[in-house]
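Engineer: dropping the sequence and predicted coords here.
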Amino acid sequence: MVVNRDKAPSAQETFSQMAQAAGLRGRVLLTIGMLILVRLGIFLPIPDIDRGAFAQSVQNNPVVSFLDIFSGGGLSALGIFALGILPYINASIILQLLTTAVTPLENLQKNEGEAGRRKISQITRYVALGWAIIQSIGLAWWVINSGAARIGGDLILSQRTPTGFSFSTQAGVPVSPMTLIPFIASTALALTAGSMLVMWIGELITERGIGNGASLLIVISIVSGLPRSLGQTLELAQTGDRGLVGGVIMLFIVFLVMIVGIVFVQEGTRRIPIISARRQVGRKTYLERSSYLPLRLNSSGVMPIIFASAILFLPSSLAEFTKNPLLGQVANYLSPNGQAPWIYVIFYLLLIVFFSYFWTSLTINPVDLSQNLKKMGASIPGIRPGKSTSDYIERVLNRLTFLGAIFLGLIAIVPTAVESATRVTTFQGFGATSLLIVVGVAIDTAKQIQTYIISQRYEGMVNQ
């Protein structure tokens with residue numbers, strides 16, 4: 001196949017290289033095999049747990065429904081890999097926040113190069129281990145309170161008392177809390193070991209496979225629920241109700257439009273022109289060169305939606321745990337199906353805008369960009385180096401962040417509004433967060449495959 005080395009790989013060349021090139025084929029097969037292994041681990045049961053009873057107790061729990069997006073239904077199914085990549089994601093977010101606040105971590109990231117990044121990765125793993133232990137113990141305690149734990153073959157029932165909790169078997173025999181410690185320990189050990197194995201698989205995919213391992217594990221968890229949703233949607237369309245058929249068609253059109261919009265926004269950048277000054281190194285003179293500084297339209301990614309959703313879910317989870325009527329009323333107002341959906345929409349949009357600016361300020365520092373440009377001998381035409389440059393970048397970044405936040409708000413609100421209008425709720429778990437993650441990871445993985453194919457072209461030319 002004759003190709004231009006500067007031309008982007010076509011679909012034919014991409015699939016041909018994936019089938020014929022041993023290196024790329026091995027990476028693809030490794031990635032697929034590891035993803036299948038993770039999916040199988042979700043269905044391996046944890047001993048002494050009635051999975052049916054637990055799934056029934058958390059059937060309408062909004063927190064579990066939200067977390068199941070990232071575990072592919074593993075949390076409600078309670079398999080060995082129930083926690084999945086969640087502890088690692090939490091640890092990565094915590095380290096990202098601490099890096100901007102703790103000076104030693106900031107120095108590791110900025111000044112230590114590759115060694116510093118490896119050190120931060122190692123710290124992230126330790127934090128993920130600690131977080132997995134905490135989440136595993138909490139999940140084991142939740143199983144006991146939901147009446148799904150078995151001790152000696154008998155289901156354990158819990159009851160809230162003014163002084164705490166009391167436990168008994170189905171026959172009414174009291175159970176000492178000390179007898180629950182072996183169950184909590186064994187369940188926490190199984191869940192923590194499964195989570196650490198998933199984290200290792202994610203890193204293995206990143207290093208020896210295709211794409212970012214943690215992101216692909218999230219995507220495969222999200223996509224795993226699509227066949228069931230599609231089947232339910234088709235069954236709904238076959239009922240013969242013209243309104244429902246029209247609603248299904250409208251919902252599919254909205255999803256297609258949103259996918260196209262996400263692709264354009266995720267790839268949209270503002271290119272700020274920069275000019276490198278003329279330099280002389282020894283007897284060589286480097287002429288003035290022009291380039292650009294790319295600033296993404298949606299630099300915060302999906303994080304604002306995740307943070308905003310978590311905060312909106314917090315009152316409902318606290319109300320369910322504490323049985324407080326005031327928290328229950330607040331949760332009702334902050335629910336899309338509550339008494340005042342417009343309050344939910346306003347709070348959701350405001351939180352998305354706030355976290356968009358917050359996360360962008362953590363990931364992009366205009367002062368650092370200005371200093372790096374000055375060190376490289378580059379400047380923005382018409383803008384003085386130093387504070388003027390950082391102020392100009394900050395103004396541009398604020399405008400881009402606002403536009404990106406508005407886009408994220410529309411992406412978050414539109415699916416819920418369309419589902420309510422069309423009465424088609426079969427895709428309720430596949431919303432804005434899922435769409436953004438799936439499309440974003442697909443774009444990044446496709447770019448990595450194209451980069452690998454282009455590098456293969458140059459290697460072939462060198463060998464010739």
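Structural biologist: Received, thanks. Computed from a prediction, not measured in an experiment: that's the story for all the values here.
Engineer: what are the ranges of the helices in the stretch 1-150 of the chain?
Structural biologist: Remark: helices assigned in the stretch 1-150 of the chain by DSSP state H, counting those that start in this stretch are 11-20, 22-42, 51-57, 62-71, 74-77, 86-101, 103-111, 113-145.
Engineer: need the ones you listed in TSV (columns: mean pLDDT and distance to residue 317).
Structural biologist: Bear in mind the C-beta positions are built from the backbone N, C-alpha and C, glycine included. Output for the helices of the stretch 1-150 of the chain, formatted as TSV (pLDDT from 0 to 100; distance: least, Cβ to Cβ, whole Å):
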stretch	mean pLDDT	distance to residue 317
helix 11-20	66	44
helix 22-42	85	23
helix 51-57	75	14
helix 62-71	67	5
helix 74-77	71	13
helix 86-101	82	15
helix 103-111	79	30
helix 113-145	87	11
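Engineer: out of the ones you listed, deepest packed?
Structural biologist: Among those, the stretch with the highest mean neighbour count (mean count of other Cβ atoms under 10 Å) is helix 74-77, at a mean of 23.
Engineer: how about the helices of the stretch 1-150 of the chain, which one is nearest residue 223?
Structural biologist: Closest to residue 223 of those, according to Cβ to Cβ: helix 22-42, at 10.0 Å.
Engineer: which secondary structure elements does that closest one contact?
Structural biologist: Counting contacts by 3 or more Cβ pairs under 8 Å, 6 or more residues apart in numbering; DSSP states H and E, helix 22-42 packs against helix 11-20, helix 181-208, helix 213-223, helix 432-463.
Engineer: most tightly packed of those helices?
Structural biologist: Mean neighbour count, computed with mean count of other Cβ under 10 Å, is highest for helix 213-223 among the helices and strands packed on helix 22-42, reaching a mean of 23.
Engineer: and that helix, how far out from the chain middle?
Structural biologist: Once both centres are worked out by Cα atoms, centre = their mean, to the nearest Å, helix 213-223 turns out to sit 8 Å from its chain's centre.
Engineer: show me what it is packed up against.
Structural biologist: helix 22-42, helix 62-71, helix 86-101, helix 181-208, helix 432-463.
Engineer: report the rounded mean pLDDT for the helix or strand that it is followed by.
Structural biologist: The helix or strand immediately downstream of helix 213-223 is helix 226-237, counting by DSSP states H and E. Averaged across helix 226-237, the pLDDT comes to 73.
Engineer: just the C-alpha atoms of helix 226-237, please, in CSV.
Structural biologist: What follows is helix 226-237 as a C-alpha-only set of coordinates in CSV (Å, rounded to 0.1, in the frame of the first residue of the first chain):
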residue,chain,number,x,y,z
LEU,A,226,-25.9,-0.2,26.2
PRO,A,227,-27.1,-3.6,24.8
ARG,A,228,-29.7,-3.9,27.6
SER,A,229,-30.8,-0.2,27.1
LEU,A,230,-31.1,-0.8,23.3
GLY,A,231,-33.1,-3.9,23.9
GLN,A,232,-35.5,-2.2,26.2
THR,A,233,-35.9,0.8,23.8
LEU,A,234,-36.7,-1.5,20.9
GLU,A,235,-39.3,-3.4,23.1
LEU,A,236,-40.8,0.0,24.0
ALA,A,237,-41.0,1.0,20.3
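Engineer: what residues of the next helix or strand after it count as buried?
Structural biologist: Sequence order places helix 242-267 as the next helix or strand after helix 226-237, per DSSP H and E. Judged by neighbour count using 16 or more other Cβ atoms under 10 Å, the buried positions of helix 242-267 are 244, 247, 248, 251, 254, 255, 258, 261, 262, 265, 266.
Engineer: run the angle between helix 242-267 and helix 226-237 for me.
Structural biologist: For helix 242-267 against helix 226-237, the angle by axes from the mean of the first three to the mean of the last three Cα atoms, to 10 degrees is 150 degrees.
Engineer: pull the distance from helix 242-267 to the chain's centre.
Structural biologist: The mean C-alpha position of helix 242-267 is separated from the chain mean by 21 Å, Cα atoms, centre = their mean.
Engineer: what is the mean pLDDT for it?
Structural biologist: Rounded mean pLDDT across helix 242-267 is 78.
Engineer: which other helices and strands contact it?
Structural biologist: Applying 3+ Cβ pairs under 8 Å, 6+ apart, one finds that helix 242-267 contacts helix 226-237, helix 387-422, helix 432-463.
Engineer: what would those helices look like in TSV with distance to residue 276?
Structural biologist: Listed next are those as TSV, based on distance: least, Cβ to Cβ, whole Å:
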stretch	distance to residue 276
helix 226-237	48
helix 387-422	14
helix 432-463	25
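Engineer: and the protein, what are its domains?
Structural biologist: Split into domains by automatic domain parsing, the chain comes to 22-223, 225-464.
Engineer: these two touch, right, residue 79 and residue 44?
Structural biologist: Yes: Residue 79 is in contact with residue 44 according to Cβ atoms under 8 Å; the separation is 5.1 Å.
Engineer: name the element the residue lying closest to residue 96 once chain neighbours are set aside belongs to?
Structural biologist: Excluding the flanking residues, the one nearest residue 96 by Cβ to Cβ, 6 or more residues apart in numbering is residue 362, at 6.5 Å. Residue 362 is part of helix 341-363, with elements assigned from DSSP H and E.
Engineer: check the spacing between residue 43 and residue 199 real quick.
Structural biologist: To residue 199, residue 43 is 19 Å away according to Cβ to Cβ, to the nearest Å.
Engineer: picking that back up, so residue 79 and residue 44 - more neighbours on which side?
Structural biologist: residue 79 (25 against 13; other Cβ atoms under 10 Å).
Engineer: show me the contacts for that one.
Structural biologist: Going by Cβ atoms under 8 Å, 6 or more residues apart in numbering, residue 79 touches 41, 42, 43, 44, 45, 46, 194.
Engineer: tell me the one of the residues you listed nearest residue 350?
Structural biologist: residue 42 (35.8 Å).
Engineer: tell me the mean pLDDT for the helix holding residue 362?
Structural biologist: Rounded mean pLDDT across helix 341-363 is 84.
Engineer: what does stretch 187-194 give?
Structural biologist: Mean pLDDT, stretch 187-194: 91.
Engineer: give me the contacts around it.
Structural biologist: Contact partners of stretch 187-194, identified using Cβ under 8 Å, 6+ apart, comprise 41, 46-49, 79-83, 129, 132-133, 135-137, 139-140, 143.
Engineer: give me that answer again for 7 Å
Structural biologist: Here stretch 187-194 makes contact (Cβ atoms under 7 Å, 6 or more residues apart in numbering) with 41, 46, 80-83, 132-133, 136-137, 139-140, 143.
Engineer: over to stretch 398-410?
Structural biologist: Contacts to stretch 398-410, defined as Cβ under 7 Å, 6+ apart, come from residues 265, 270, 295, 297-300, 304-305, 349, 352-353, 356-357, 360.
Engineer: all set now, cheers.
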